[in-house]
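Just a sequence and a predicted model for now, questions to come.
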Amino acid sequence: MIPYTPPATARTIPVIDFADAFSPELHRREAVAWEIHKISRDVGFFYIVNHGVPQALIDGQFDWARRFFALPQASKSAIDMRHSPSGYGYERMGAQALDDGAPADLKEGFQFGFDIDPAHPYVQRGLLRYGHHLWPADLPDFEQHSRRYYDAMRALSHRLLSVIALSLQMPEDFFEPVLKTPIATQRMLHYPPQPAQAQANQIGAGAHTDWGLVTILAQDETGGLEICNADGEWVRATPIRGSFVVNIGDLLQRWSNDLYHSNPHRVLNGGSTPRYSLPFFQDGDQAATVSCLPSCCSPERPARYEPCTIGGYLDMKVRETFGAATVQA
């Protein structure tokens, strides 16, 4: 049983050199796992560098994001996510309100995911985040590059979760069965500069936690991401070129029995230029059950959550933040 301690107050977001996560030597992978373990118990956010994803591939995806969001509104609206049973496609400005009770977020987006056989039962049932992709007709090479980027991010998420499994005193391959047919979504987001006429508490993305296992975020040089520490203070995630920002999601917090923290964060683009970001959400197979890990509970600290399925939890969160009419299930 891993002992529980309350989270410490983070003043900065740590940087982890991820190179040894790829080492053939177990003790080097365990050293990275220990760094993740310490951080995940406190703030639940960290940068990774030397992660193996080519910078040219990341830069290229940002270029495509800028081109996509510069399309005429009619071209984007033609592939609105409301046309997809799985919720893929274009997210119109103000479609989501991440902060419960706050006005709609000041962002627009595009999302796609796992390339799955159209005959798969998950696709046939119209389940959230499986198949039914919508791609812009105006950008014929957009899908090809985006798929290359997606494959790199999915591979990185597998490596990251293998190290996280080690950090929780579980076998390195513990999460692999959960990742074979995953809800693994790549979003591209565009945040215009904060308008002077915005409503009270209306910002780019309201305060929220992420819902799945882990998020791996590429952010541009504009900045605007802020993380809430244990004292309720907002800490800026200053952009670091060549890095990803990683954070723990709700489902991993539940799996770890609150040992790891899915911390609130928000986006406020207070600058004068648009902000673009590329968050990759690795959430796992919709049918997988999340229940307390044996290393994270004991008679003194029993499981705090009832088991749930990944798909059931994510469907609930989508309906809370987008509205029930957004996804045709």
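Perfect, thanks for sending it.

Could you check the pLDDT of the closest residue to Ile164 other than its chain neighbours?
In space, and not counting its chain neighbours, Ile164 is closest to Ile36: 6.1 Å by C-beta to C-beta, 6 or more residues apart in numbering. From N, CA and C alone the C-beta is placed, and that goes for glycine too. The predicted local distance difference test score for Ile36 is 96.

Wait, a helix at Ile36?
Yes - under DSSP: H, G, I helix; E, B strand; the rest coil, Ile36 sits within a helix.

what residues are up against it?
Ile36 is in contact with Ile16, Phe46, Val163, Ile164, Ser167, counting by C-beta atoms under 8 Å, 6 or more residues apart in numbering.

Can you add pLDDT and distance to Val290 and give the residues you listed back as CSV?
Supplementary listing: these in CSV, determined by pLDDT from 0 to 100; distance: C-beta to C-beta, whole Å:
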residue, pLDDT, distance to Val290
Ile16, 97, 25
Phe46, 96, 22
Val163, 98, 19
Ile164, 98, 14
Ser167, 97, 17
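
In strands, which of those appear?
Counted as lying in strands by DSSP state E, out of those, are Ile16, Phe46.

Of the contacts of Ile36, which is the most crowded?
Going through the contacts of Ile36 with other C-beta atoms under 10 Å as the criterion, the one with the most neighbours is Ile164, at 26 neighbours.

which residues in the stretch 201-329 of the chain form helices?
Under the criterion DSSP state H, counting those that start in this stretch, the stretch 201-329 of the chain contains helices at 250-255, 310-322.

Quick check: buried residues in the longest one?
Same thing as helix 310-322. Applying a neighbour-count criterion of 16 or more other C-beta atoms under 10 Å, one finds Ile310, Gly311, Tyr313, Leu314, Asp315, Lys317, Val318, Thr321, Phe322 buried in helix 310-322.

still on that earlier bit, where does the residue nearest to Ile164 sit relative to Leu213, distance-wise?
Distance from Ile36 to Leu213, counting by C-beta to C-beta, to the nearest Å: 13 Å.

Let me see the contact set for Asn263.
The neighbours of Asn263, taking C-beta under 8 Å, 6+ apart as the test, are Val43, Gly44, Phe45, Thr209, Ile227, Cys228, Asn229, Asn247, Ile248.

which of these has the most neighbours?
For the contacts of Asn263, neighbours were counted using other C-beta under 10 Å, and Ile248 has the most, 28 neighbours in all.

The residue nearest to Ala205 when sequence neighbours are not counted bridge partners, please.
Setting aside the residues directly before and after it, Ala205 is nearest to Val267 in space (C-beta to C-beta, 6+ apart), at 3.9 Å. Listed beta-bridge partners, Val267: Ala205, Leu225 (assigned using DSSP bridges).

What pLDDT is listed against Val267?
Predicted confidence (pLDDT) for Val267: 93.

now swap in Ala102 and tell me
In this prediction, Ala102 carries a pLDDT score of 82.

Please report the distance of it from Ala205.
Going from Ala102 to Ala205 by C-beta to C-beta gives 10 Å.

go on, His37?
From His37 across to Ala205, the span is 28 Å (C-beta to C-beta).

Looking only at neighbour counts, state which of those two leads.
The residue with the greater number of neighbours, taking His37 and Ala205 and applying other C-beta under 10 Å, is Ala205; the counts read 25 against 19.

Could you pull out the strands in the protein for me?
With DSSP E applied, the chain shows strands at 15-17, 45-49, 89-91, 108-112, 183-191, 205-208, 214-219, 225-228, 234-236, 244-248, 265-267, 275-284, 289-290, 308-309, listed in chain order.

Can you list the strands that the second one pairs with?
Sheet pairing here is set by DSSP bridges, and for strand 45-49 it gives strand 15-17 (parallel), strand 244-248 (antiparallel).

Ok, the longest one next?
The strands beside strand 275-284 in its sheet (DSSP bridges) come out as strand 183-191 (antiparallel), strand 214-219 (antiparallel).

mind saving the C-alpha coords of it as PDB?
Listed next in PDB are the C-alpha coordinates belonging to strand 275-284 (Å, rounded to 0.1, in the frame of the first residue of the first chain):
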ATOM      1  CA  ARG A 275      -3.500  31.400 -28.900                       C
ATOM      2  CA  TYR A 276      -3.300  27.900 -30.300                       C
ATOM      3  CA  SER A 277      -2.900  24.600 -28.400                       C
ATOM      4  CA  LEU A 278      -2.900  20.900 -29.200                       C
ATOM      5  CA  PRO A 279      -4.100  18.800 -26.300                       C
ATOM      6  CA  PHE A 280      -4.100  15.000 -26.700                       C
ATOM      7  CA  PHE A 281      -6.400  13.200 -24.300                       C
ATOM      8  CA  GLN A 282      -5.600   9.500 -23.600                       C
ATOM      9  CA  ASP A 283      -8.700   8.100 -21.900                       C
ATOM     10  CA  GLY A 284      -8.700   4.400 -22.600                       C
END
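
could you give me the average pLDDT of it?
The predicted model assigns strand 275-284 a mean pLDDT of 97.

what do you get for the third one?
Here strand 89-91 scores 96 as its mean pLDDT.
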